[in-house]
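> make a model of this:
(chains A and B)
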Protein chains: 2
Amino acid sequence: MNFIKDLIESIRKKKSVVCMGLDPRLEGDYSIPAHIIEEYGDPNRIILEFNKLLIDATYELIPVIKPQIAFYEMYDALDSLKQTIKYAHQKDLLVILDSKRNDIGSTSKAYAYATFNIYEADACTLNAYLGLDSIQPYFTQFKEKGIFILVKTSNPSSSDFQDLFSIKISDVKGETTEITMKNVKLERNYIHMAKLVEEWTQCLDEYATFTNLGVVVGATFPEEMKVIRKIARRSFILMPGYGVQGAKAEDIKFGFNDGLGGIVNSSRGIIFAWSTRRFY
Amino acid sequence: MNFIKDLIESIRKKKSVVCMGLDPRLEGDYSIPAHIIEEYGDPNRIILEFNKLLIDATYELIPVIKPQIAFYEMYDALDSLKQTIKYAHQKDLLVILDSKRNDIGSTSKAYAYATFNIYEADACTLNAYLGLDSIQPYFTQFKEKGIFILVKTSNPSSSDFQDLFSIKISDVKGETTEITMKNVKLERNYIHMAKLVEEWTQCLDEYATFTNLGVVVGATFPEEMKVIRKIARRSFILMPGYGVQGAKAEDIKFGFNDGLGGIVNSSRGIIFAWSTRRFY
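Sure, this is the predicted structure:
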């Protein structure tokens, strides 16, 4: 397999760019139906059976699913995650494990191994606050797998840090500096992150239109999407935030070039659609 | 329990600021001894028995341990992680789960629940690239637990993003801006992260000398440590990078005020000390 080639092929075949987020919840406003919870009792069984129903209902229509590992950890149900991924593969679906892992090089290798060999995902999300050596084990040791690096996230507080204006100055030491010239251009932190990703794609297949190195940009930020699309030009954009979080069709159009280059994730809007009256 | 109060009490009682990193490896230069691997066969048993030996040898001397979850995931041995944490608690040790989790608010809650209720850790590490709402569930719903936010990490590539010079400008839209005045002060991204942490500690117990909101600063960066110590003045500093990664005693002194305010992590240098000839 090669993640991005397989993804593009599946998008073309199924004529869909929808990614179904599998974020199971056993209580609260967005929850697995009570009759499934009662029938199976054990969280691993409940979640697996619910996910299978969702996969059966959607696999002919969508290319990819994105389980969020936090919910499987929360219910101590990582076995259902592994079984869900195996089942999805049988049904011709690609799997992005949403785990946002990040660590120094030697530990990053361990996470990469777990992602691709224990959970058997085809791709994952990563947080690159730690820089290149924290990401490298993924694209050197698992070249055929996909990674999506957080650039501009869909949540309200993403502005706290990602929206700072910044500049790279190589020849200065210490923790502060003064800008002594006029008209110095600063770019937001998320722009720098997008540029780092673009730089890192240079290490990858230079002839490919799209590489296995993607980005995450919240569909809740269409203007930012437009700019990032141009910078990370060889990266697919994974777009969360559609549906319950507020983004609509017009917000995501800037993530695409000729129908390719993006996948739109919806979690609660699809998997808890049986209880739509609660949120529309 | 209250993490930071218990930590300070234990540091005073045991007269130690050492944190033992439990990063089990079953192969390579730093590995669990072959006779333990042969004796127990199953990764969950091997890792648990090895960790118990390490805990037995150290619990009277140190206040806290830090298991790195990546290695437990890699060997599909999360059960040994849970059992190790239970055993550490019986032996009067505090436990920081090194997991560097990060996600939007609703998912962050699920991670916090897993960290404290499934794994039963007393504290954890977090990556705050996503801003306040990604951190809030930890200190609102689990007030008595500790969190350590990545500020300046110990790895070589930490400069890629953490060392950019930046500034917060609230009244500008768009992805770029120009500095039109002279003498505008910029601070590195890690300084902004330290300041965010200091701002967030305002939400916590205002009379405490140290709060449950700590920071991570690589012991490999003593100058940065000195500056961050002054900014995040009510935060304990978790210092990885001691030993195998290169930091020495003189590098960590700036992380302390009167003997408090820091804990120094060593993983490979302690737990694989049986094979010291390999790395000294």
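> and the residue in the stretch 1-150 of chain A that chain B sits nearest to, what does it touch?
Closest approach between the stretch 1-150 of chain A and chain B, counting by Cβ to the nearest Cβ: A:G131, at 3.1 Å. From N, CA and C alone the C-beta is placed, and that goes for glycine too. A:G131 is in contact with A:196, B:155, B:157-162, counting by Cβ atoms under 8 Å, 6 or more residues apart in numbering or on different chains.
> what about 6 Å?
A:G131 makes contact with B:157-158, B:160-161 under the criterion Cβ atoms under 6 Å, 6 or more residues apart in numbering or on different chains.
> where does it land on pLDDT?
What the model reports as pLDDT for A:G131 is 97.
> how close does it sit to B:I237?
20 Å (Cβ to Cβ, to the nearest Å).
> where along chain A do the helices fall?
A:3-14, A:34-40, A:43-58, A:69-74, A:78-90, A:105-113, A:136-141, A:159-162, A:189-201, A:222-231, A:249-252, A:268-271 (DSSP state H).
> show me what the fourth one is packed up against.
For helix A:69-74, the contact count by 3 or more Cβ pairs under 6 Å, 6 or more residues apart in numbering or on different chains; DSSP states H and E identifies helix B:105-113 as packing neighbours.
> next up, phi/psi of the residue of the stretch 1-150 of chain A closest to chain B, please.
Phi and psi for A:G131, reported as degrees, to the nearest 10, are phi 90, psi -170.
> for the contacts of A:G131, give me a markdown table that also has neighbour count and pLDDT.
Formatted as a markdown table, the contacts of A:G131 follow (neighbours: other Cβ atoms under 10 Å in any protein chain shown; pLDDT from 0 to 100):
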| residue | neighbour count | pLDDT |
| --- | --- | --- |
| B:S157 | 19 | 96 |
| B:S158 | 25 | 97 |
| B:D160 | 23 | 97 |
| B:F161 | 23 | 98 |
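> among those, which are within reach of chain A?
For chain A, the contacts drawn from the contacts of A:G131 by Cβ under 6 Å from any Cβ of the partner chain are B:157-158, B:160-161.
> hmm, back to that, between the contacts of A:G131, which is nearest B:G246?
Closest approach to B:G246 among the contacts of A:G131 (Cβ to Cβ): B:S158, at 13.3 Å.
> next up, the contacts around the closest one.
Residues in contact with B:S158 (Cβ under 6 Å, 6+ apart) are A:130-131.
> how close does it get to B:K152?
B:S158 is 6 Å from B:K152, where distance means Cβ to Cβ.
> same check on A:S80?
38 Å.
> same question, A:P24
Counting by Cβ to Cβ, the gap from A:P24 to B:K152 is 36 Å.
> over to A:F254?
Counting by Cβ to Cβ, the gap from A:F254 to B:K152 is 34 Å.
> which one's more surrounded, the two?
Between A:F254 and B:K152, counted using other Cβ atoms under 10 Å in any protein chain shown, the more crowded position is B:K152 (27 against 21).
> just give the closest residue to the more buried one, not the sequence neighbours.
B:Y190 (4.2 Å; Cβ to Cβ, 6 or more residues apart in numbering or on different chains).
> can you count the residues close to that neighbour?
28.
> my guess is it meets B:D160, correct?
No: using Cβ atoms under 6 Å, B:Y190 is not in contact with B:D160; the gap is 11.7 Å.
> coming back round to it: wait, what's in contact with the residue nearest to B:K152?
The contact partners of B:Y190, by Cβ under 6 Å, 6+ apart, come to B:151-152, B:162.
> and the gap between it and B:M225?
Computed as Cβ to Cβ, the B:Y190 to B:M225 distance reads 11 Å.
> report the contact partners of the nearest residue to A:S154 once chain neighbours are set aside.
In space, not counting the residues next to it along the chain, A:S154 is nearest to A:G218; the distance is 2.7 Å by Cβ to Cβ, 6+ apart. With contact set as Cβ under 6 Å, 6+ apart, A:G218 has these partners: A:152-154, A:241.
> same check on A:K14?
By Cβ under 6 Å, 6+ apart, the contact list for A:K14 reads A:P63.
> residues near the spatially closest residue to A:L48 that is not a sequence neighbour, how many?
Using Cβ to Cβ, 6+ apart and skipping the chain neighbours, the partner closest in space to A:L48 is A:S80 (4.2 Å). When neighbours are counted by other Cβ under 10 Å, A:S80 registers 26.
> likewise for the one 3 residues further on?
By the other Cβ under 10 Å criterion, the neighbourhood of A:Q83 contains 17 residues.
> could you pull up the residues touching it?
Taking Cβ under 6 Å, 6+ apart, we find A:Q83 in contact with A:L48.
> report the separation between it and A:L53.
Taken as Cβ to Cβ, the span from A:Q83 to A:L53 is 14 Å.
> and what of A:P33?
10 Å.
> OK, contacts around A:S31?
A:S31 neighbours (Cβ under 6 Å, 6+ apart): A:R25.
> how about low-confidence regions in the stretch 101-250 of chain A?
The model of the stretch 101-250 of chain A has no residue with pLDDT under 70.
> again, 90 this time
A:106, A:171, A:179-183, A:202-208, A:241-250 (pLDDT under 90).
> so which bits of the stretch 1-150 of chain A are right by chain B?
The stretch 1-150 of chain A has residues A:68, A:70-71, A:73-74, A:76, A:100, A:102-104, A:107, A:110-111, A:113-114, A:118, A:127, A:129-133 near chain B, with proximity defined as Cβ under 6 Å from any Cβ.
> need the distance between the two termini of stretch A:21-32.
Terminal residues of stretch A:21-32 are spaced 14 Å apart (Cα to Cα, to the nearest Å).
> now stretch A:166-179
Stretch A:166-179 end-to-end distance (Cα to Cα) = 12 Å.
> now for the nearest residue to A:I37 once chain neighbours are set aside: which residues touch it?
Excluding the flanking residues, the one nearest A:I37 by Cβ to Cβ, 6+ apart is A:I46, at 5.5 Å. Listed by Cβ under 6 Å, 6+ apart, the contact set of A:I46 reads A:36-37, A:40.
> give the contact list for A:K100.
A:125, A:127, B:102-103 are the contacts of A:K100 under Cβ under 6 Å, 6+ apart.
> mind checking how far it is from A:T180?
From A:K100 to A:T180 the distance is 38 Å (Cβ to Cβ).
> do A:S159 as well
For A:S159, the distance to A:T180 - Cβ to Cβ - is 28 Å.
> same drill for those two, tell me which one is more crowded.
With neighbours defined as other Cβ under 10 Å, A:S159 and A:T180 compare such that A:S159 has more, 19 against 10.
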